[in-house]
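**Q** below: sequence and its predicted model.
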Amino acid sequence: MTITKQTIIDQVSKDEHGNVLYRTATRIMEGGVQISQSFHRASLTPGQDLTGIPAEVAAICNVVWTPEVIAAYAAAQEASAV
């Protein structure tokens, strides 16, 4: 039987501050049957550089991160730094 590895983005969400969170699932398959699975989670803040981010996640960020969301996030960060 052939063993293969699949990596997919299986969850994407946004919180109230505009942060985009996503989960990547890595599945090990043997003969079409999943024998192992592991996860990696990542989060992105409004206005963050999207270089190297999966295209489907970057597309969601580009929709969610309006200029207003980015400005509100930056203002909240400045307020909390004081």
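**A** Looks like it came in fine. Numbering: from 1, shown residues only.

**Q** how about the contacts made by Ile28?
**A** Ile28 makes contacts with Ile3, Thr4, Lys5, Gln34, Ile35, Ser36, Gln37, as judged by Cβ atoms under 8 Å, 6 or more residues apart in numbering. (Each C-beta comes from the backbone N, C-alpha and C, glycine too.)

**Q** give me that answer again for 10 Å
**A** Counting by Cβ atoms under 10 Å, 6 or more residues apart in numbering, Ile28 touches Ile3, Thr4, Lys5, Gln6, Gln34, Ile35, Ser36, Gln37, Ser38.

**Q** then Gln6?
**A** Neighbour list for Gln6: Ala25, Thr26, Arg27, Ile28, Met29, Gln34, Gln37 [criterion: Cβ under 10 Å, 6+ apart].

**Q** check the offset of the helix or strand where Glu78 lies from the chain's centre.
**A** Element membership of Glu78, judged by DSSP states H and E, is helix 67-81. How far helix 67-81 lies from its chain's middle: 20 Å, per Cα atoms, centre = their mean, to the nearest Å.

**Q** report the buried residues of that helix.
**A** Val69, Ile70, Tyr73 (16 or more other Cβ atoms under 10 Å).

**Q** in this structure the first one contacts Gly47, no?
**A** Yes. At 8.5 Å, Val69 counts as touching Gly47 under the criterion of Cβ atoms under 10 Å.

**Q** what is in contact with these two at once?
**A** Gly18.

**Q** nearest to Val63, of the contacts of Gln6?
**A** When the contacts of Gln6 are compared for distance to Val63 (Cβ to Cβ), Ala25 wins out at 22.7 Å.
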